[in-house]
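**Student:** Predicted coordinates and the sequence they were generated for:
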Amino acid sequence: MEINFYEQVFEIARLVPKGRVTSYGAIAKALGAQGSARLVGYAMSNSHAVHPKVPAHRVVNSSGLLTGKFHFSPPERMQQLLEKEGITVENDKVKDFKKIFWNPLDEL
DNA sequence: GGATTGACGTGTC
DNA sequence: AGACACGCCAATC
């Protein structure tokens, strides 16, 4: 297959609308790899190397916690980007996560 | 090709 | 509420 698992993850991540967030598990589920949320996170580690920009900052864990913020150039970048999109981040976790949560399955 | 590694998730203690 | 354990699965070493 020409399309790697990574690209599929990136594709979903790029579909996340501004001001919304999603979870690794949700993306994994959308790819049919439900339960393998680790693969999504693992793939996101490559998000810095893909051509179209991937809003990795809009992807958090099921708790809305910014687990991967330390992977950004400056870890604070992730929260800044989220706040810039109207998302309130407190204590490294998204506020009203359930409200701004964007379900890929809903788009697909 | 076996072993290790994760930006995770859910369940228990 | 916080900490710990196990499971899943592809990519990398």
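**Tutor:** Nice, I can see it.
**Student:** Strands along chain A, start to end?
**Tutor:** With strands called from DSSP state E, chain A shows them at A:22-23, A:59-60, A:89-90, A:93-94.
**Student:** tell me the mean pLDDT over stretch A:5-23?
**Tutor:** The pLDDT scores in stretch A:5-23 average 92.
**Student:** If you count neighbours, what's buried in it?
**Tutor:** If you call a residue buried by 16 or more other C-beta atoms under 10 Å, then stretch A:5-23 has these buried ones: A:5-6, A:8-13, A:15-16, A:20-23. C-betas here are computed from N, CA, C, even on glycine.
**Student:** So stretch A:95-108, near DNA strand C or not?
**Tutor:** No: judged by C-beta under 7 Å from any atom of the strand, stretch A:95-108 stays clear of DNA strand C, getting no closer than 14.9 Å.
**Student:** which parts of that stretch are buried?
**Tutor:** Buried residues in stretch A:95-108 (16+ other C-beta under 10 Å): A:97, A:100, A:101, A:102, A:104.
**Student:** Tell me the one of those residues nearest DNA strand C?
**Tutor:** Distances from DNA strand C to those, taken as C-beta to the nearest atom of the strand, are shortest for residue A:97 (14.9 Å).
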